[in-house]
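Student: Any chance you can model this:
(one chain, ligands or ions: 1)
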Amino acid sequence: MSQNALETGTAEADVDTGSRQDSDVMVEVRNLRTYYEGDGLLGGTPVKAVDGVSFDIKRGETLGLVGESGCGKSTLGRTLIQLESATGGEIRFDGTDITTLSGADLKDWRRNAQMVFQDPDSSLNDRMTIGEIVREPLDVHSWKTPRERRQHVKELLDTVGLQREHYYRYPHQFSGGQRQRIGIARTLTLEPEFIVLDEPVSALDVSVQAEVINLLEDLQEEFGLTYLFIAHDLSVVRHICDRVAVMYLGNIMEIGPTEELFSNPANPYTHSLLSAIPEPDPTAHKDRITLQGTPPSPRFPPSGCPFSTRCPARIRPPEYQDLDNELWHQLDTLREVLRERDRTEKSVTDRIRELLGKEPHFGTIDEIYAELFDDQVVPPAVEEVLDDAAELARGGNEQAALDLLGAEFGSVCEGHAPDGADEANDADAEEPVEPDYHVVSPSGRRSLCHRHDSDADYRKPEHVLDDRHR
Ligand SMILES: Nc1ncnc2c1ncn2[C@@H]1O[C@H](COP(=O)(O)OP(=O)(O)OP(=O)(O)O)[C@@H](O)[C@H]1O
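Tutor: Residues are numbered from 1 along each chain as shown. As a prediction, the model looks like this:
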């Protein structure tokens with residue numbers, strides 16, 4: 001935990017209010033979107049890597065960013081320091097919207113924000129000495145005299161636990177951990193205030209990871225740094241981060257103080273993610289939540305809540321409240337299977353197969369039904385819908401089958417994004433609209449889920465998830 005956060009004590013209580021007046025806030029992100037333009041083969045549909053996120057980062061804190069591979073963590077980190085251009089929204093650093101900077105202003109600002117990469121080798125040129133590598137940003141910015149630059153670099157080598165003599169050596173003469181230290185020294189040359197750490201220890205041996213983490217913590221304290229810490233390893237995140245943002249399909253699903261979020265998650269996606277952490281005590285009872293299928297393509301995100309297609313706590317329509325859990329799960333699986341087939345058809349390979357008049361290698365709808373429902377007692381009302389959907393699918397109209405199943409078994413989760421995120425994700429909106437997250441704890445922790453809606457009488461996510469394992 002950062003010194004700053006410890007000293008401010010109560011500061012976390014208003015951490016997610018998004019108040020522009022809060023002088024402790026360094027970075028304000030509002031309705032940020034970063035899309036990668038599609039290529040011609042996929043009809044020019046952009047990849048919505050970051051799709052309308054809003055959050056603050058406080059000065060001196062470490063904000064963790066977690067989520068499955070491909071959910072947009074790196075893109076978000078890269079956009080925050082303008083290595084990627086935002087498609088829309090705002091990123092305010094100390095009040096200045098940096099998405100509007102260009103030319104000399106942007107170059108000047110870049111000194112304040114740097115990035116440490118997962119693979120130090122990618123940022124270390126093997127033909128340059130360590131001194132040259134670390135000094136390069138100073139040269140680019142014509143910082144002071146060459147002599148002062150050399151002196152500064154040698155001091156930095158000291159600071160990151162290397163030796164001054166290393167100045168004249170080459171990257172290949174160093175171990176992975178030392179190379180990451182070199183990358184960190186280079187990051188520090190221009191005395192940035194904000195650093196994006198993108199999986200900074202994932203590529204290192206476990207024994208070295210702790211050393212580099214300790215170094216990052218020491219540097220934060222010494223220089224008053226603010227970190228965005230992107231990581232897969234949730235135990236490292238729990239150790240180092242003051243707050244955590246949980247990302248799914250380009251959206252932030254939950255954000256709040258680390259310990260609280262880990263010990264009492266609110267969002268169904270956070271529950272799922274945390275349930276995958278191995279339990280140190282093998283006798284402890286813990287149910288792993290296995291999510292169905294793979295995350296949807298960020299080119300074709302689902303309507304409504306981004307997590308709706310895989311959410312184990314998806315809200316049911318009132319008439320199916322009492323349907324057997326297992327059967328409900330199988331109905332969800334059927335929809336996911338049909339969606340996957342639909343999505344797969346959108347791949348380049350299948351488009352080509354289609355053009356060549358070849359059949360995709362899918363099982364028939366009857367085979368899928370047999371696997372899913374042969375062991376189930378299916379009430380007549382459900383059976384009727386299933387029969388109609390099967391008929392449509394057999395006729396080659398799987399999208400119509402999906403629509404029918406969606407109309408019958410779908411719910412508010414698929415109809416609307418929680419709390420105004422529909423508007424937040426409206427790429428045509430002139431002004432950024434901040435999604436109105438539910439505040440789920442006195443600390444100001446926020447979560448994006450219809451089940452938190454106090455106007456509706458929904459059961460809490462954790463109760464629904466508990467039931468699934470009974
Ligand atoms: N330059 C690019 N052009 C097109 N699509 C991209 C580009 N970079 C990333 N993507 C896509 O954007 C989405 C988000 O990728 P990103 O790397 O930001 O995710 P991530 O959460 O950091 O993943 P990982 O944990 O695997 O690094 C993915 O679908 C990815 O394929």
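
Student: Tell me how many other residues crowd the closest residue to Cys71 other than its chain neighbours.
Tutor: Leaving aside its sequence neighbours, Cys71 sits nearest to Met247 (CB to CB, 6 or more residues apart in numbering; 4.7 Å). C-beta here means a position set from N, CA and C on the backbone, and glycine is covered the same way. Neighbour count for Met247, taken as other CB atoms under 10 Å: 26.

Student: try Val378
Tutor: Neighbours of Val378 using other CB under 10 Å come to 18.

Student: How about Gly52?
Tutor: 28.

Student: What of the one 5 residues further on?
Tutor: For Ile57, the neighbour count with other CB under 10 Å is 23.

Student: ok, it - contacts?
Tutor: Residues in contact with Ile57 (CB atoms under 8 Å, 6 or more residues apart in numbering) are Val25, Met26, Val27, Val29, Leu63, Phe194, Thr226, Leu228.

Student: can we see that at 7 Å?
Tutor: Contacts of Ile57 were listed using CB atoms under 7 Å, 6 or more residues apart in numbering, and they are Met26, Val27, Leu63, Thr226, Leu228.

Student: The ligand: which of these is nearest?
Tutor: Nearest to the ligand among these is Leu228, at 12.0 Å by CB to the nearest ligand atom.

Student: returning to what we had before: could you dump the contacts of Ile57 to TSV with pLDDT and neighbour count?
Tutor: Formatted as TSV, the contacts of Ile57 follow (pLDDT from 0 to 100; neighbours: other CB atoms under 10 Å):
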residue	pLDDT	neighbour count
Met26	96	20
Val27	97	21
Leu63	98	22
Thr226	98	23
Leu228	98	25
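
Student: Please flag which of the residues you listed sit within strands.
Tutor: Counting by DSSP state E, the contacts of Ile57 place Met26, Val27, Leu63, Thr226, Leu228 in strands.

Student: show me what contacts the last one?
Tutor: Leu228 makes contacts with Ile57, Leu63, Leu65, Gly77, Leu80, Val196, Leu197, as judged by CB under 7 Å, 6+ apart.

Student: could I get the residues you listed as JSON lines with distance to the ligand and secondary structure?
Tutor: Shown next, in JSON lines, are the contacts of Leu228 (distance: CB to the nearest ligand atom, whole Å; DSSP: H, G, I helix; E, B strand; the rest coil):
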{"residue": "Ile57", "distance to the ligand": "18", "secondary structure": "strand"}
{"residue": "Leu63", "distance to the ligand": "15", "secondary structure": "strand"}
{"residue": "Leu65", "distance to the ligand": "8", "secondary structure": "strand"}
{"residue": "Gly77", "distance to the ligand": "8", "secondary structure": "helix"}
{"residue": "Leu80", "distance to the ligand": "12", "secondary structure": "helix"}
{"residue": "Val196", "distance to the ligand": "11", "secondary structure": "strand"}
{"residue": "Leu197", "distance to the ligand": "13", "secondary structure": "strand"}
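
Student: Just the C-alphas of the helix or strand in which Val464 is found, formatted as CSV.
Tutor: Assessed by DSSP states H and E, Val464 sits inside helix 461-468. Taking C-alpha atoms only, helix 461-468 is exported to CSV below (Å, rounded to 0.1, in the frame of the first residue of the first chain):
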residue,chain,number,x,y,z
PRO,A,461,-25.1,-11.8,-6.7
GLU,A,462,-23.4,-13.8,-3.9
HIS,A,463,-26.6,-15.5,-2.8
VAL,A,464,-27.4,-16.5,-6.4
LEU,A,465,-23.9,-17.8,-6.9
ASP,A,466,-24.0,-19.7,-3.6
ASP,A,467,-27.2,-21.4,-4.7
ARG,A,468,-25.6,-22.7,-7.9
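
Student: Show me what stretch 174-194 is in contact with.
Tutor: In contact with stretch 174-194 (CB under 7 Å, 6+ apart) are residues 26-27, 111-114, 116-117, 120-121, 123-124, 130, 133-134, 137-138, 141, 156-157, 160-162, 171, 195, 200, 203-205, 208, 211-212, 215, 225-226.

Student: Could you give me the ChimeraX syntax to select whichever of those are buried?
Tutor: Selection of the buried residues among the contacts of stretch 174-194 in ChimeraX, burial being defined by 16 or more other CB atoms under 10 Å:
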select :26,27,111,112,113,114,116,117,120,121,123,124,130,133,134,137,138,156,157,160,161,162,171,195,200,203,204,208,211,212,215,225,226
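
Student: Assess the claim that Gly293 and Pro312 are in contact.
Tutor: No: contact criterion CB atoms under 7 Å: Gly293 and Pro312 do not qualify, at 11.9 Å.

Student: Of these two, which one has the most company?
Tutor: Pro312 (20 against 15).

Student: OK, contacts around that one?
Tutor: Pro268, Ser272, Ile289, Leu465, Arg468.

Student: repeat that for 8 Å
Tutor: Pro268, Ser272, Ile289, Leu291, Val464, Leu465, Arg468.
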